[in-house]
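Novice: next one to model:
(one chain, ligands or ions: 1)
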Amino acid sequence: MIDFQNVIEDIYSDLKHTTNKGVVASYIPELAKQSNASFGIYLKPIDGNNCHVGDWDTPFSIQSISKVLALSKAIAFEDNKIWQRLDVEPSGNPFNHLTLLELENGIPRNPLINAGALVVADILVTHLKNPKQDFLEYVRNITNDQTINYNLEVATSEQQTGFKNYAAANLLKSYNNLNNAVDIVLDFYFHQCALEMNCEQLANAFYLFSNKGKCVNNKQHLTLSQVKRINAIMLTCGFYDEAGEFAFEVGLPGKSGVGGGIVALLPNNFVIVTWAPGLNPKGNSLIGMQALEQFTTKTNRSIF
Ligand code: GLN
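Specialist: Predicted coordinates for the structure are as follows:
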């Protein structure tokens with residue numbers, strides 16, 4: 001039997017004092033207030049005890065990690081239809097790149113780059129009666145935690161500076177791949193990205209992707225086929241132009257965000273969350289990737 005608490009404590013003490021911790025995102029001014037000294041890990045096994053170390057209970061901005069939660073809600077509404085407006089190929093490009101969108105006639109490469117997430121946001125705005133409130137309720141329900149909320153300062157901060165996202169949304173609109181007004185879709189998207197959670201809450205939110213579509217409340221939200229697809233997209237597209245590197249080093253489906261969080265999971269086994277706000281040049285948490293590489297290497301737990 002592996003002592004998982006011991007493993008994550010070893011990883012924590014090994015990485016906590018490394019000198020190169022990466023650079024905190026500053027293009028969303030509110031995120032620049034974070035310290036790259038923060039570091040936490042939370043492991044939630046399907047069977048067995050939860051383990052945690054460091055700053056696992058400090059809330060942070062989940063940013064792009066929210067794209068997976070939004071996709072899981074949109075898939076429940078439209079299932080196969082959604083793939084007429086979105087592709088499922090890795091982009092090999094940064095998360096906010098626009099070139100491929102124009103080359104490929106307004107069909108985003110996948111739902112986890114920004115352009116794809118804006119199409120998903122558009123689907124949610126179409127189907128939800130009170131989009132921001134209803135999406136928040138969904139996240140609270142699958143996590144079984146009514147305290148989760150949007151950080152409105154972060155949402156406003158991105159609203160004032162997210163010019164590339166305005167560009168992407170306008171481009172999508174010009175290709176008739178947004179049904180709602182650009183400003184309404186962006187307002188929803190900026191709030192979705194500004195969801196704030198700690199490592200434990202994120203592990204609970206992503207539990208359904210490792211537990212055959214059933215959330216922590218044992219309620220079925222997704223079919224097995226939907227879970228397969230979402231996990232496949234995380235594996236191939238969850239880390240932008242570093243998805244290959246993450247699969248190579250870590251070997252798990254996962255998703256990163258510029259707030260410094262990473263969620264990764266082994267289907268039917270566990271969800272693991274790391275938070276370390278210093279990013280590498282590709283926009284993924286530097287220490288978080290190293291911690292997850294050590295975790296799957298030390299425990300021999302990966303999809304491969
Ligand atoms: N809200 C951020 C953006 O749209 C999310 C980016 C990320 O976490 N990679 O730029």
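Novice: the most centrally placed residue in the chain: what's its closest spatial neighbour, skipping adjacent residues?
Specialist: Geometric centre of the chain, nearest residue: Ile65, 1.4 Å, by Cα atoms, centre = their mean. Nearest residue to Ile65, sequence neighbours excluded (Cβ to Cβ, 6 or more residues apart in numbering): Gly257, at 4.2 Å. Glycine gets a C-beta too; all of them are placed from N, C-alpha and C.
Novice: got a list of what that neighbour touches?
Specialist: Shown in contact with Gly257 (Cβ atoms under 8 Å, 6 or more residues apart in numbering): Ser61, Ile62, Gln63, Ser64, Ile65, Ser66, Cys193.
Novice: need the next SSE after the lowest-mean-pLDDT helix or strand in the chain, C-terminal direction.
Specialist: Ranked by mean pLDDT, DSSP states H and E, the weakest helix or strand in the chain is helix 99-103, scoring a mean of 84. Downstream of helix 99-103, the first helix or strand assigned by DSSP states H and E is helix 114-127.
Novice: ok, which stretches of the stretch 151-300 of the chain are helices?
Specialist: Secondary structure of the stretch 151-300 of the chain (DSSP state H, counting those that start in this stretch): helices located at 152-161, 163-174, 182-193, 199-210, 224-237, 243-249, 286-299.
Novice: can you give me the neighbour number for the spatially closest residue to Leu224 that is not a sequence neighbour?
Specialist: With sequence-adjacent residues excluded and distances taken as Cβ to Cβ, 6+ apart, Leu224 is closest to Lys212, at 6.0 Å. Lys212: 15 surrounding residues under other Cβ atoms under 10 Å.
Novice: same question, the one 5 residues further on
Specialist: Under the neighbour criterion other Cβ under 10 Å, Asn217 is assigned a count of 13.
Novice: got the contact list for it?
Specialist: Asn217 touches Asn141, Ile142, Asn144, counting by Cβ under 8 Å, 6+ apart.
Novice: on that earlier part again, assign a three-state SS to the residue nearest to the centre of the chain, would you?
Specialist: Secondary structure assignment for Ile65 (DSSP: H, G, I helix; E, B strand; the rest coil): helix.
Novice: show me the residues around it that make contact.
Specialist: Leu202, Lys255, Ser256, Gly257, Gly259, Gly261, Ile262, Val263.
Novice: which of the residues you listed come close to the ligand?
Specialist: Gly257 (Cβ under 6 Å from any ligand atom).
Novice: can you select the buried ones among the contacts of Ile65 for me in ChimeraX?
Specialist: Those of those that count as buried under 16 or more other Cβ atoms under 10 Å are selected in ChimeraX with:
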select :202,255,256,257,259,261,262,263
